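Trainee: build me a structure from this.
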Amino acid sequence: MLMPTENDYFVLKPKHSGFYCTSLDPLLSSLGAERLILVGFAADICVLFTANDAYMRDYQLIVPADCVAAETSAAHRYACQQMQRFLRADTRQSRALTPKRLRTG
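Mentor: Coordinates of the predicted model:
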């Protein structure tokens with residue numbers, strides 16, 4: 001199980017995108033973030049909307065296909081294809097994302 005630590009940041013998300021009406025964008029800017037790894041549920045709604053907003057802000061995206069879920073396999077497949085095709089997201093399985101590969105892209 002993944003547990004937050006005292007050094008982790010929390011951003012409350014009122015709508016589908018993690019960027020909509022939140023402090024996420026200024027927080028990421030202050031941290032100097034250039035690449036985001038998005039995981040969660042639902043791949044075809046919240047993850048897709050957040051990925052779209054991140055792409056429009058010029059973040060590089062990694063969305064491991066085995067770390068996002070949707071209500072159906074068709075919805076999952078569609079969302080991953082959309083993020084890969086239109087948002088240039090890296091949707092490889094998480095086991096293919098070694099620390100070295102994450103640093104070099």
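
Trainee: CA atoms for contacts and neighbours, from now on please.
Mentor: Noted.

Trainee: which other helices and strands contact the lengthiest helix in the chain?
Mentor: Longest helix in the chain, counting residues (DSSP state H): helix 73-87. Of the remaining helices and strands, those touching helix 73-87 by 3 or more C-alpha pairs under 8 Å, 6 or more residues apart in numbering; DSSP states H and E are helix 48-56.

Trainee: hey, C-alpha coordinates of the helix it packs on in CSV?
Mentor: C-alpha atoms of helix 48-56 as CSV (Å, rounded to 0.1, in the frame of the first residue of the first chain):
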residue,chain,number,x,y,z
LEU,A,48,-7.8,11.8,-19.4
PHE,A,49,-9.0,15.2,-18.5
THR,A,50,-6.0,15.8,-16.2
ALA,A,51,-3.7,14.5,-18.9
ASN,A,52,-5.3,16.9,-21.4
ASP,A,53,-4.8,19.9,-19.2
ALA,A,54,-1.3,18.9,-18.4
TYR,A,55,-0.5,18.5,-22.1
MET,A,56,-1.8,22.0,-22.8
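
Trainee: any weak-confidence spans in this protein?
Mentor: Applying pLDDT under 70 to the chain flags residues 1, 100-105.

Trainee: follow-up on the earlier one: which residues does the longest helix of the chain contact?
Mentor: Defining contact as C-alpha atoms under 8 Å, 6 or more residues apart in numbering, one finds that helix 73-87 is touched by 43-44, 48, 51-52, 55, 61, 63, 65, 68-70, 89-91.

Trainee: with stretch 2-14 instead?
Mentor: 18-24.

Trainee: give me the buried entries from the residues you listed.
Mentor: Buried members of those, scored by 16 or more other C-alpha atoms under 10 Å, are 18-19, 24.

Trainee: quick one: which of those residues sit in strands?
Mentor: Among the buried ones among the contacts of stretch 2-14, no residue falls in strands (DSSP state E).
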